[in-house]
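> below is the structure, and that's it, no one-letter string:
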DNA sequence: TTGTATGCGTTATCAT
DNA sequence: ATGATAACGCATACAA
């Protein structure tokens, strides 16, 4: 494998000159540039990433840190990752993914990678209200952007979807259609309340109900698909059953439709259904499902751009961004 | 940031000794080991990844190379990636993802990263029958494992799902239920035939039909969701409409169900539906959908393990693996 | 433009 | 048998 010294010899210049040509760090005589470029061509030379990283003190790697085993997170994750990849393709950052297992091993692994300076910056997914990973990153001085946010975000960078607004938009949509009894349904265990995402949606939903003068009501939830179908069935079998259901994610929508169909209830005549998710399947459901969603891709693009700005030493225009939700009304609420 | 020299001074030993302790390369007196470990603790020392990579000539990074903008690939991709991540978490390899844009830029980007030795090995996703990326990897001597395979695989490592067998399993299942007229439906453009995955499924399907004494029949396809729904509707409106439809992916299943419901056809009484996909939504559809699928997670685990074996200089037990499909029969064919 | 010190760990060689 | 020393890998950046 040729090194920068081979190129220098081949072109009859010094290694410094070759380096300047590669990085366009300095003005050089065009003739010299040409000679060096030809030499690189002839030897098919590429600078070794590790050598470059050691010399410059930076790796040109951005790491995507996220937990594994999160219910209903996969579709979001792959859309998000793809969007980040597209932004980074325009830069010379590479993308590393760190799926972290359970704590506390997760934090140690993160600490090790951060301390080894294996990356220049981190995109932190699925941020929790009190997130030990944030402490690790903060202590080490590693630049990072959170997707979601903590309880205290002073001095931190984040991009988050405006879930309170999502809840408001959803509730208003249903209220305008005449619904007065609306219940939130979600699939997940107790622990995920620690995640700001779910937390904000749930509390935002309650607030939105109150703002519309409706009485708040506990969300229905279950950790498994089968359990959730059952729970929704129970809910719909009540005498005073809700006229509308807001499902917190794709899976919850499917469970709700299933429960309704089992009871012979028509959607939306007997019960309207709305989902908080950007699912490609929603238009294909019977009936097509109304959705309020944040674009995972947009979160990816904005957070990646923000982090790149920071790493390049530029000041990002905003360091704390809330993205507004979108509502797409379909037959599951419109009829 | 402390270096290995700081640790050596703190522990009163030489840097060589510290290195031996870190890498367990040599037998050292327990007392020395302890002193060094304590020093590392005190200074919270972590060896710099770049320095290590430069010195050892390897990065301890495995790259996942895949195209973007592939229809119906996302669910597979994120399941696959997660499985790879779990395998690599047991090793000290890190995972980098390279979503490549369109050719020919994609090949150049791959070439650059490979030549820069930014990774030690590659998992190549969505392998095509004649894949320029394979040539790039082969030329450079970069170890790699393909997911899918080429037309000529001599000397190459791959893990692939046995799609011919998937097709056979599906056809046999339907034939046993009495179906004699079965059509394959898929959503995609003309170009994706170059991918071995689709190619093998389509040809395998034709062969399976012939093996059962049925007349082969051209698959129905369209590049968009709306187009596919329309195409399936046209198909089902025929006088001699098929009694069973095999849908090549999740999206095709949804389109097929949609078309059937629009025409007022009952599933499976009027038309049976089977999907080639491992979708968490299938059990929730109305009716729950029969599936023949390969486990994306299994492909990830097997390929990651194989690559690690190769990188560690061990001979993998098998270098060309076919994974058998699974059939889960549900109401969409059983009634 | 050039020469050269610098960044940091690894490992072969040499000394005890 | 242990541990110290120094060469090595490769690009960067500053002084000359």
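On my side now, so go ahead. Just so you know, these numbers come straight off a predicted model, no measurement behind them. Numbers count the residues shown, from 1 in each chain, chains lettered A, B, ... in the order given.
> going forward, measure contacts between C-alpha atoms and count neighbours the same way
OK.
> and chain A, which residues reach DNA strand C?
Proximity of chain A to DNA strand C, by Cα under 7 Å from any atom of the strand, involves residues A:12-17, A:26-33, A:51-52, A:54-55, A:57.
> again, only this time at 6 Å
Neighbours of DNA strand C within chain A, by Cα under 6 Å from any atom of the strand: A:13, A:14, A:15, A:16, A:17, A:28, A:29, A:32, A:51, A:54, A:55.
> what is the burial count for the residue in the stretch 201-335 of chain A that DNA strand C sits nearest to?
Per Cα to the nearest atom of the strand, residue A:311 is where the stretch 201-335 of chain A lies closest to DNA strand C, at 18.5 Å. Residues within reach of residue A:311, counting by other Cα atoms under 10 Å in any protein chain shown, total 17.
> low-scoring stretches of the stretch 201-335 of chain A, by residue?
Across the stretch 201-335 of chain A, no stretch falls below the confidence threshold (pLDDT under 70).
> do the same with the stretch 1-150 of chain A
A:69-73, A:102.
> what packs against the helix or strand that residue A:200 is a member of?
Using DSSP states H and E, the element containing residue A:200 is helix A:196-211. Counting by 3 or more Cα pairs under 8 Å, 6 or more residues apart in numbering or on different chains; DSSP states H and E, the packing neighbours recorded for helix A:196-211 are helix A:163-176.
> ok, of the residues of chain A next to DNA strand C, which come out buried?
Neighbour-count burial (16 or more other Cα atoms under 10 Å in any protein chain shown) is assigned, among those, to A:15, A:17, A:32, A:51, A:54.
> in strands, which of those appear?
Judged by DSSP state E, the subset of those located in strands is empty.
> in chain A, what residue lies closest to chain B?
At 3.9 Å from chain B, residue A:96 is the closest residue in chain A, using Cα to the nearest Cα.
> next one: phi and psi at that residue?
Backbone torsions of residue A:96, given as degrees, to the nearest 10, read phi -110, psi 140.
> not counting residues beside it along the chain, what's closest to it?
Among residues not flanking residue A:96 along the chain, residue B:96 sits closest, at 3.9 Å (Cα to Cα, 6 or more residues apart in numbering or on different chains).
> quick one: residues in contact with the helix holding residue A:200.
A:126-129, A:148-150, A:163-168, A:171, A:184, A:192-193, A:215-217, A:219 (Cα atoms under 8 Å, 6 or more residues apart in numbering or on different chains).
> buried among those residues? Make that a PyMOL selection.
Only the buried entries of the contacts of helix A:196-211 go into this PyMOL selection, using 16+ other Cα under 10 Å:
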select buried, chain A and resi 126+127+128+129+148+149+150+163+164+165+166+167+168+171+184+216+219
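> show the pLDDT at residue A:193.
At residue A:193, the pLDDT value in this model is 50.
> the residue of chain A closest to chain B and DNA strand C, how far apart?
From residue A:96 across to DNA strand C, the span is 21 Å (Cα to the nearest atom of the strand, to the nearest Å).
> help me confirm that that residue comes into contact with residue A:63.
Yes. In this structure, residue A:96 is within contact of residue A:63 by Cα atoms under 8 Å, at 4.6 Å.
> beta-bridge partners for the residue nearest to residue A:96, please?
Under DSSP bridges, the beta-bridge partners of residue B:96 are residue A:96, residue B:63.
> that older thread, next, the angle helix A:163-176 makes with the helix holding residue A:200.
40 degrees (axes from the mean of the first three to the mean of the last three Cα atoms, to 10 degrees).
> so how far is the helix or strand just after helix A:196-211 off the chain centroid?
The first helix or strand that comes after helix A:196-211 along the chain, using DSSP H and E, is strand A:220-222. Strand A:220-222 sits 24 Å away from the centroid of its parent chain (Cα atoms, centre = their mean, to the nearest Å).
> tell me, how many residues neighbour the spatially closest residue to residue A:167 that is not a sequence neighbour?
Nearest-residue entry for residue A:167: residue A:205, 4.9 Å, with adjacent residues in sequence omitted and distances by Cα to Cα, 6+ apart. Using other Cα under 10 Å, the number of residues around residue A:205 comes to 28.
> how far away is residue A:205 from residue A:262?
Separation of residue A:205 from residue A:262 (Cα to Cα, to the nearest Å): 27 Å.
> also residue A:59?
Taking Cα to Cα, one finds residue A:59 at 55 Å from residue A:262.
> which of those two has more neighbours?
residue A:59 (22 against 12).
> how close does the more buried one sit to DNA strand C?
12 Å.
> what's the closest non-adjacent residue to that residue?
residue A:53 (4.6 Å).
> tell me which parts of the stretch 101-250 of chain A are close to chain B?
Contact residues (Cα under 8 Å from any Cα of the partner chain) of the stretch 101-250 of chain A with chain B: A:101, A:112, A:115, A:116, A:117, A:118.
> much appreciated, bye for now.
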